[in-house]
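Enquirer: missing the sequence, but the structure's below:
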């Protein structure tokens, strides 16, 4: 699991004292990118990662002036894609969850490539810790 804190600034502010949801989604994307760079260091990838879907659900508004904590980890691995899950907290409260599906596409055919075996193993090693953490949080 990868944990990152973001401190919102005035430019992230929407109406009133709330942070724009689009700013939070952008931080989610950046966190995923940084996480994968760290997780897959040393891997020679066949193609760059491409987002095939992203969803962020908001339970409450985020306020300016208080840090956001992002927890991300691989949540599922398939033959040609994998998912990254995210929990976003502010003041110790879960405020948002997100998920993103990533693939590698062949530049010529634009078809999804199968995950390389070594990459799939690294990704799969992250899944268990993310799900266990969810079980601990539920108790």
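Expert: Perfect, I can see it now. Every value quoted in this text rests on a predicted model; they were computed, and no experiment measured them.

Enquirer: what about this protein, any weak spots by pLDDT?
Expert: By pLDDT under 70, the weakly predicted segments of the chain are 128-139.

Enquirer: swap the cut-off to 90 and go again
Expert: Residue ranges of the chain with pLDDT under 90: 1, 7-18, 20, 42-48, 63-65, 107, 110, 126-139.

Enquirer: all strands of the protein, in order?
Expert: Applying DSSP state E to the chain gives strands spanning 2-6, 49-58, 68-77, 81-90, 93-104.

Enquirer: Redo those as TSV? Include mean neighbour count.
Expert: Yep, even glycine has a C-beta here, placed from its N, CA and C like the rest. Listed next are the strands of the chain as TSV, based on neighbours: other CB atoms under 10 Å:
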stretch	mean neighbour count
strand 2-6	16
strand 49-58	14
strand 68-77	21
strand 81-90	21
strand 93-104	18
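
Enquirer: Distance from the chain centre to stretch 1-12, please.
Expert: With CA atoms, centre = their mean, to the nearest Å as the basis, stretch 1-12 stands 13 Å off its chain's centre.

Enquirer: who touches the residue nearest the centre of the chain in this structure?
Expert: Nearest to the geometric centre of the chain sits residue 32, at 4.1 Å (CA atoms, centre = their mean). For residue 32, the contacting residues are 72, 84, 86, 100, 102, by CB atoms under 8 Å, 6 or more residues apart in numbering.

Enquirer: Looking at the residues you listed, which is nearest residue 1?
Expert: The closest of these to residue 1 turns out to be residue 72 (CB to CB; 7.1 Å).

Enquirer: now the closest one, which residues is it bridged with?
Expert: With DSSP bridges as the criterion, residue 72 is bridged to residue 2, residue 86.

Enquirer: from what I can see it touches residue 86, true?
Expert: Yes. Between residue 72 and residue 86 there is a contact under CB atoms under 8 Å: 4.7 Å.

Enquirer: okay, and the common contacts of these two?
Expert: Residues within reach of residue 72 and of residue 86 at once, by CB under 8 Å, 6+ apart, are 28, 31, 32.

Enquirer: Right, I'll leave it there.
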